[in-house]
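> this one's structure only:
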């Protein structure tokens, strides 16, 4: 429910932003099972809601170098869960302004999330 509220807020912002924009952070959502590893597959509805917001806002994801999964929980192979929760989403205008934009998922040090360097 909270995520859907965030997705709607981002949709509402599109009409307010006339130039390039980017959104960076922990979205606590994945686009599909290819962005998850571990005990349970992500909920299909959650993935579809996230994908729909990205499309509605005309955003694209910047590929990140470094860790494939940006969040990890659990230590043993049996309980370990990994997800790509952290990402950079940009508008076409942002790509036009910064053709060399890139992202690196840095190593986790004191958090279960990888910090992102844009």
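Great, that's in hand. Bear in mind the structure is a predicted one, so any value in this text is a computation, not a measurement.

> residue 10 sits in which helix or strand?
Here residue 10, judged by DSSP states H and E, is contained in helix 2-14.

> show me where the chain has helices.
2-14, 44-56, 92-97 (DSSP state H).

> and the second one, what's buried?
Meaning helix 44-56. 47, 50, 53-54 (16 or more other C-beta atoms under 10 Å). Placement of C-beta: from N, CA and C, glycine included.

> which one of those is nearest to residue 103?
Nearest to residue 103 among the buried residues of helix 44-56 is residue 54, at 15.4 Å by C-beta to C-beta.

> and for the lowest-mean-pLDDT helix or strand in the chain, what's in contact with it?
Least confident element among the helices and strands of the chain, by mean pLDDT, DSSP states H and E: helix 92-97 (a mean of 83). Outside helix 92-97, the residues that touch it by C-beta atoms under 8 Å, 6 or more residues apart in numbering are 19-22, 58, 60, 101.

> that one: which residues count as buried?
residue 94.
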